[in-house]
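>>> Fold the stuff below for me.
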Amino acid sequence: MSAQSPMAQASMLINPAYQCPKEWMRTTLNAIPQNTDLATKSQVPLGVIVHPMAEVPDKEIPVVDFGTVGIVRCNQCRAYVNPFVRFVEGGRRWQCNICNRLNEVPPGYYAPVGADGQRTDLAQRVELQSGIVEFMASSEYMFRPPQPPTYLFLIDVSYYSVSTGMLKVAAETIYRCLEALPGDSRTKVGIVTFDSKLHVYDLSQSRPHMQVIADVSEPFVPPGQEFLVDLREKMDVLKSLLQKLPLMFSDTKDTQSCLGTALKSSYQIMRHIGGKLMLFNTLLPAPPSVQGQNFGKGRLNNRFDPKLIGTDKEVELLRSQNAFYKDFALECSQVQISVDLFLFETLKYLDVATLGVMSQVTGGELFYYPQFNLAKDGEKFSRDLIRDLTRPTGFEAVMRVRCSKGIRVLSHFGNLFLRRSDLIALPNIDSDKAFAVQFELEENITGTPLAYSQAALLYTTSNGERRIRVMNLAIPVTNQLIDIFTSADVEAIVNLMGKMAIEKILDTNIKDAREALVNKLATMLAVYRVAAAGRVTGAAAGQLMTPDSLRQLPLFILALIKSEMMKTSPELHPDYRSSLMMRYRTLGIRQSLQCLYPSLYRVHPMEPTAGLRVPIEEEDEEEEDDSLTTVTLPTQLNLSSEKYDRRGIFLLDNGDELLVLTGKSSHPDEVMAIFGRNDYGGCEVRKVEDPNSLQARLGAIVETLRESKPGQWARMTLIPEDSPASRRWFNYLVEDRQQNVYSYFEFVQHDNNLVMQ
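A predicted model of the protein is given here:
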């Protein structure tokens, strides 16, 4: 029997229950290089993807209250006690797994250590047995009483907001969500509207009182009035105002925006509390066309130039054009205000790159609707807003990722602000936000077979509890180059590399970022080829050699290069590209892969079992529940035109949209019977009573796909093959050759040539 490798032996030291589940924290490598030379040579990105508030229905996070003992932390690095610490000297001291410091065990936390080296009360100490846990935070973790859930809706009421129907949908959706907002009697809500003037609403009386501020040269909030009120007490007043808003501005002709002043005034209303500032905007706050007009701060030039699109200079349109909105976001972050943006393009250009910085810095989110049309986008906007308002959310949060000796945090990626070199400030944190953290080896790892990482999120729950969510990972250390590659997590690597590529675009340009990805892939696989020489067989001469763990990496890198974030095309509007880049920054691993390599299904003719409900097989057969069923999805197809048949109907799911392509030879009457239309446009599957009908089965498939992605409601669009929109659908077939970009086969050959150089 062959001896086990040191890495295999180290892996056996890890109790799987002690590891944070991958849904919340996932590392790019499951074997850490032991020394800096090995780390530099491998070229494989090292880091973690942290999705701290992820919704995981079948897993419950244990909650621990240390009471008067206080939360047990390392006196040196401030890491939290966890399953990987060691109790020594009979249980009187404990050794931190992050910095190796020996700490005194608080008297109220003491328990003797048995002959097996374990505490005798281990079975009662969930924080020493679970890879993820929440600690109830004491008053020392609060600089003020916990923040109440607070929402200020800042709504554009200009002509374009009214004429497109945006205002009506926004008011109706907020009205519907008021009673479902997180929190209890502490929840506060306010409403501010703006066009060329600012409108604030005193909600303290039985009826809302509107005050118009015509001089918007400087932010101003009238004193002695209540613009944020307790939701439960003033529910009727808020509902009354939301019902009236569309009628109040129905005849407006105002086409100007005092956005900057509106934001600053909203900040003044919220700064003593914090919370979510939710902006609904249809206009670029451009300089006035008439000399002498003054629409306040934050004016933006309309710098859109079609001649730059598709050139190296396009990156200028992807960068913020001034410091006003970033400076505003930094002010918001300091007082625990996040900014969520709902941007509706109505006049060809909104400068998403500049406005979007507000969400990026404050931990907020950006929703962008190009060429906003009520029929096309109304339901998606409403559902996006409902999700934003009702999803699990934490307030006034900070997060820190710690690593054991020898490893340091290099970079953070996501919608965040670094308050210090490693302290992530998050005025809001919700279940749809993930963060990538890049590590580097700064010194050799000696004296231990394992490396460690701990992520800790301090936040306030919607019901006012201060909690610390702690996530822990142990990772084997190896001195073998081959182990680094065979232990790689390709999905986590792609998530991290995609977020690094976005920063590369903004630092240089799209072309350089694409080339950097190709070169990085070639360098990694060239190193692997050398490391695997004599160890791995089966690769033909001249064939690209990849470990099984990275078999899909060339495909995912090609998909990243061909994505709408990174492809060079004169048809891609810079606002749209910016919105995609900002969205990708926040995506978890599963969501990012869906974005890069969408799911493709043939839905007509349909496979015999597709769309039918079948029982869910339970692991414990004795507790099997016949009422639990799931919908069978069609076979997922490769993104290649080889899978396409002009007689069929195909559904492509990119995570944000469901794009239905009807083949040129499909029958128009069949398409009409399924969708109620056979031309280009938004669609839904027609409802019929027969559960075995094509419509019912396809409807079940669509519903299942939407429910699997709670963070984004996927709008469905019907695209006939002979319509101009079909070009975009076929561009998602990333394995085909497109616009002078390699097919998958050609890309593998090209990469192999680079490897062999």
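
>>> just the strands in the stretch 51-200 of the chain please.
63-64, 86-88, 93-95, 102-104, 132-136, 150-156, 188-194, 198-202 (DSSP state E, counting those that start in this stretch).

>>> cool, the stretch 551-700 of the chain as well?
Per DSSP E, counting those that start in this stretch, the stretch 551-700 of the chain carries strands over the ranges 599-604, 613-615, 629-631, 636-637, 649-653, 657-662, 681-682.

>>> and residue 535, helix, strand or coil?
coil (DSSP: H, G, I helix; E, B strand; the rest coil).

>>> swap in residue 396?
Strictly by three-state DSSP, residue 396 counts as strand.

>>> Distance of residue 712 relative to residue 107?
From residue 712 over to residue 107 the distance is 50 Å, taken as Cβ to Cβ, to the nearest Å. In short, each C-beta sits where N, CA and C put it, glycine included.

>>> So between those two, which is more surrounded?
residue 712 (22 against 8; other Cβ atoms under 10 Å).

>>> I'd like to know how far the residue nearest to residue 231 when sequence neighbours are not counted sits from residue 71.
Sequence neighbours aside, residue 187 is the residue nearest to residue 231 in space, at 4.3 Å (criterion: Cβ to Cβ, 6 or more residues apart in numbering). According to Cβ to Cβ, residue 187 and residue 71 sit 28 Å apart.

>>> cool, and residue 524?
Note on residue 524: its distance to residue 71, by Cβ to Cβ, is 41 Å.

>>> quick one, which of the two is more surrounded?
Each of residue 524 and residue 71 has its neighbours counted (other Cβ under 10 Å); residue 524 has more, 23 against 20.

>>> From what I see, the more buried one and residue 28 are in contact.
No - judged on Cβ atoms under 8 Å, residue 524 makes no contact with residue 28 at a distance of 11.8 Å.

>>> Pull up the overlap in contacts between the two.
Residues touching both residue 524 and residue 28 by Cβ atoms under 8 Å, 6 or more residues apart in numbering: residue 44.

>>> List the contacts of the closest residue to residue 53 other than its chain neighbours.
For residue 53, ignoring the flanking residues on the chain, the nearest one in space by Cβ to Cβ, 6+ apart is residue 431 at 4.5 Å. Contacts for residue 431 (Cβ under 8 Å, 6+ apart) come out as 53-55, 391-393, 710-711.

>>> Then residue 590?
Residue 590 neighbours (Cβ under 8 Å, 6+ apart): residue 491.

>>> could you measure it against residue 495, distance?
In terms of Cβ to Cβ, residue 590 sits 9 Å off from residue 495.

>>> now do residue 132
Taking Cβ to Cβ as the measure, residue 132 and residue 495 are separated by 19 Å.

>>> same thing with residue 678?
38 Å.

>>> These two: which is more packed in?
Set residue 678 next to residue 495 and count neighbours by other Cβ under 10 Å: residue 495 wins out with 29 against 19.

>>> hey, C-alpha coordinates of the helix or strand containing the more buried one in CSV?
Per DSSP states H and E, residue 495 falls inside helix 490-507. Taking Å, rounded to 0.1, in the frame of the first residue of the first chain, the C-alpha atoms of helix 490-507 are listed here in CSV:
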residue,chain,number,x,y,z
VAL,A,490,-12.6,26.2,-11.1
GLU,A,491,-15.9,28.0,-10.4
ALA,A,492,-14.4,30.1,-7.5
ILE,A,493,-11.4,30.9,-9.7
VAL,A,494,-13.5,32.2,-12.5
ASN,A,495,-15.6,34.3,-10.1
LEU,A,496,-12.4,35.9,-8.8
MET,A,497,-10.7,36.3,-12.2
GLY,A,498,-13.8,37.9,-13.6
LYS,A,499,-13.9,40.5,-10.8
MET,A,500,-10.1,41.1,-11.3
ALA,A,501,-10.7,41.6,-15.0
ILE,A,502,-13.2,44.3,-14.4
GLU,A,503,-10.6,46.3,-12.4
LYS,A,504,-8.1,45.7,-15.2
ILE,A,505,-10.6,47.2,-17.7
LEU,A,506,-10.9,50.3,-15.7
ASP,A,507,-7.2,50.6,-15.1
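
>>> which element follows it toward the C-terminus?
The helix or strand immediately downstream of helix 490-507 is helix 510-532, counting by DSSP H and E.

>>> Can you tell me what sits against that following helix?
Helix 510-532 is contacted by residues 41-44, 312, 314-315, 481-482, 485, 497, 501-502, 504-505, 544-547, 550, 553-554, 557, 560-561, 566, 568, 750-751, 754-755 when judged by Cβ under 8 Å, 6+ apart.

>>> For residue 549, list the residues it contacts.
Taking Cβ under 8 Å, 6+ apart, we find residue 549 in contact with 485-490.

>>> I'd say residue 390 and residue 183 touch.
No - here residue 390 does not reach residue 183: they are 11.2 Å apart, not a contact under Cβ under 8 Å.

>>> Tell me which of these two has more neighbours.
Taking other Cβ under 10 Å, residue 390 and residue 183 do not tie; residue 183 has more neighbours (20 against 12).

>>> Can you tell me how far that one is from residue 461?
9 Å.

>>> For stretch 221-240, give the mean pLDDT please.
Regarding stretch 221-240, the rounded mean pLDDT is 93.

>>> just to revisit the earlier point, which stretch among the strands of the stretch 51-200 of the chain approaches residue 386 most closely?
The closest of these to residue 386 is strand 150-156. By Cβ to Cβ, the value is 13.2 Å.

>>> residues making contact with the closest one?
Counting by Cβ under 8 Å, 6+ apart, 161, 166-167, 170-171, 174, 181, 187-195, 227-228, 245, 257, 259, 262-263, 266, 269-270, 273-283, 389 sit against strand 150-156.

>>> Now with 7 Å, please.
167, 170, 174, 181, 188-194, 228, 257, 262, 266, 269-270, 273-283 (Cβ atoms under 7 Å, 6 or more residues apart in numbering).

>>> Pull up the pairing partners for that strand, direction included.
strand 188-194 (parallel), strand 275-281 (parallel) (DSSP bridges).

>>> To residue 598, which of the ones you listed lies closest?
Evaluated over the strands paired with strand 150-156, closeness to residue 598 peaks at strand 275-281, with 28.9 Å, by Cβ to Cβ.

>>> Give the next helix or strand downstream of that closest one.
helix 324-334.

>>> which regions of the protein lie under the pLDDT threshold?
1-6, 8-10, 288-292, 534, 536-542, 618-627 (pLDDT under 70).

>>> what's the single longest strand in it?
In terms of residue count, the longest strand belonging to the chain (DSSP state E) is strand 466-478.

>>> Residue 445 falls within a strand, correct?
No - if the criterion is three-state DSSP, then residue 445 is coil and not within a strand.

>>> Tell me how far it lies from residue 402.
15 Å.

>>> same check, this time on residue 563
Computed as Cβ to Cβ, the residue 563 to residue 402 distance reads 33 Å.

>>> what does residue 559 give?
For residue 559, the distance to residue 402 - Cβ to Cβ - is 33 Å.

>>> for residue 99, same thing?
For residue 99, the distance to residue 402 (Cβ to Cβ) stands at 9 Å.
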